[in-house]
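> when you get a sec, could you give me coordinates for this:
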Amino acid sequence: MATDDLGTDPAVGPANEPTEPVTDDSAPADGPEPDTFPREYVEELRAEAKQRREVAADLESRVDDLSRRLVSALVAADGRLADPQDLPYDAAHIDPDALSEAITALITAKPHYGARRTSPLPEQSVDSDEPTGPTFAELLRTL
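Sure thing, here's the model as predicted:
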């Protein structure tokens with residue numbers, strides 16, 4: 001039971017008599033309330049709101065697609081993963097620090113996702129100190 005600031009029940013009058021509930025006599029009792037705005041105007045507003053919701057949904061879809069493409073390009077540019085699709089998409093990965101931490105954590109958990117870097121065998125490498133043989137053009141000049 002609700003009480004007011006004085007600790008008394010507001011539904012009970014001064015002599016402990018129940019008070020009558022307040023009714024709104026401004027609304028007609030026999031039918032629905034009249035329209036505040038014309039129906040055509042309300043339908044026009046609803047159609048406009050629907051159109052704006054559809055445009056907003058399209059824009060959100062486009063932003064999500066571009067965000068996914070950006071994160072994929074950032075992962076590919078980082079170069080530490082063999083396949084940029086190995087890192088699950090998260091909108092927080094747009095931040096370079098968060099992306100770097102996520103890639104490091106993924107490579108730590110699954111090292112086989114890391115990019116494989118090949119280096120030439122020692123006998124295939126060319127040292128600048130070693131003399132090189134004659135080029136093909138030099139051999140033709142001697143003929």
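
> all helices of the protein, in order?
Along the chain, the stretches classed as helices by DSSP state H are 39-78, 96-109, 136-141.

> just those helices: most buried one?
Neighbour counts (mean count of other Cβ atoms under 10 Å) averaged over each of the helices of the chain peak at helix 96-109, with a mean of 14. The C-beta positions use only the backbone N, C-alpha and C, and glycine is treated the same way.

> what's the angle from that one to helix 39-78?
60 degrees (axes from the mean of the first three to the mean of the last three Cα atoms, to 10 degrees).

> only alpha carbons, please: show helix 96-109 as PDB.
As requested, the backbone C-alpha atoms of helix 96-109 are provided in PDB (Å, rounded to 0.1, in the frame of the first residue of the first chain):
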ATOM      1  CA  PRO A  96      46.900  -0.600 -35.300                       C
ATOM      2  CA  ASP A  97      48.000  -1.500 -31.800                       C
ATOM      3  CA  ALA A  98      45.000  -3.800 -31.300                       C
ATOM      4  CA  LEU A  99      45.600  -5.400 -34.700                       C
ATOM      5  CA  SER A 100      49.300  -6.000 -33.900                       C
ATOM      6  CA  GLU A 101      48.400  -7.600 -30.600                       C
ATOM      7  CA  ALA A 102      45.700  -9.800 -32.200                       C
ATOM      8  CA  ILE A 103      48.100 -11.000 -34.900                       C
ATOM      9  CA  THR A 104      50.800 -11.700 -32.300                       C
ATOM     10  CA  ALA A 105      48.400 -13.600 -30.100                       C
ATOM     11  CA  LEU A 106      47.100 -15.700 -33.100                       C
ATOM     12  CA  ILE A 107      50.700 -16.600 -34.200                       C
ATOM     13  CA  THR A 108      51.600 -17.500 -30.600                       C
ATOM     14  CA  ALA A 109      48.500 -19.700 -30.300                       C
END
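
> all set now, cheers.
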